[in-house]
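>>> what follows is a predicted protein model with its sequence.
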Amino acid sequence: MVRNSLAIFEAIVRRVARFVPNSHELPTELHPFEARNIHPALPTVVRNLFDNGHYAQATFEAFKFIDNEVARHSSPSGSGKRLMMTAFSESSPEIRLNPLRTTSERDEQEGFKFLFAGGMMAIRNPRGHKHAMQDDPDVCLDHLAFASMLLRRLAEAGYK
């Protein structure tokens with residue numbers, strides 16, 4: 001009886017398989033990095049940490065990368081807030097995001113100076129100084145989206 005039931009089940013499955021697309025043709029769910037358009041220049045360690053549930057560490061590594069990128073395109077004078085305030089200074093920037101001719105362009109430069117510095121102070125630093133800090137995946141993805149926006153602005157200004 002069981003053998004007969006299994007044979008019937010197998011026959012049904014084989015018939016149905018003809019009408020089901022191959023598994024490689026089935027739509028796959030996007031990884032959160034693709035869904036949130038996380039910048040591909042971030043080191044692979046960021047994605048690996050995220051995939052393994054180490055969200056705070058993934059954020060920390062992303063912002064260390066931004067710190068290093070800004071230092072690479074400027075004369076490193078410290079790191080974190082100090083570096084960002086110097087590199088993006090609207091009066092004598094080492095990294096110019098625009099021609100700085102108009103009030104609006106100078107305001108943009110100053111605004112990004114504070115965004116970069118704020119990212120170091122409010123996002124990177126707590127994860128570098130607090131032991132065993134925990135983030136959830138959505139908070140991490142928000143941080144990584146912000147980091148991606150900063151990296152894209154650098155690239156738009158010609159710093160790759």
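Everything's here; your move.
>>> in the helix ranked longest in the chain, which residues are buried?
Under DSSP state H, the helix in the chain containing the largest number of residues is helix 137-156. Buried residues in helix 137-156, counted by 16 or more other Cβ atoms under 10 Å: 140-141, 143-144, 146-148, 150-151, 153-154. For the C-beta atoms, the positions are set from N, CA and C on the backbone; glycine is no exception.
>>> let's have those residues in JSON lines, adding pLDDT and distance to residue 98.
Below are the buried residues of helix 137-156 laid out as JSON lines (pLDDT from 0 to 100; distance: Cβ to Cβ, whole Å):
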{"residue": "140", "pLDDT": "98", "distance to residue 98": "30"}
{"residue": "141", "pLDDT": "98", "distance to residue 98": "29"}
{"residue": "143", "pLDDT": "98", "distance to residue 98": "25"}
{"residue": "144", "pLDDT": "98", "distance to residue 98": "25"}
{"residue": "146", "pLDDT": "98", "distance to residue 98": "20"}
{"residue": "147", "pLDDT": "98", "distance to residue 98": "21"}
{"residue": "148", "pLDDT": "98", "distance to residue 98": "20"}
{"residue": "150", "pLDDT": "98", "distance to residue 98": "15"}
{"residue": "151", "pLDDT": "98", "distance to residue 98": "17"}
{"residue": "153", "pLDDT": "98", "distance to residue 98": "10"}
{"residue": "154", "pLDDT": "98", "distance to residue 98": "12"}
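>>> ok so, going back, elements contacting the longest helix of the chain?
Judged by 3 or more Cβ pairs under 8 Å, 6 or more residues apart in numbering; DSSP states H and E, helix 137-156 is in contact with helix 32-35, helix 44-51, helix 55-72, helix 103-118.
>>> got the angle for the last one vs helix 137-156?
If you take axes from the mean of the first three to the mean of the last three Cα atoms, to 10 degrees, helix 103-118 sits at 140 degrees to helix 137-156.
>>> helix or strand with the lowest mean pLDDT in the protein?
Taking mean pLDDT, DSSP states H and E as the measure, the chain has helix 2-17 as its least confident helix or strand, at a mean of 67.
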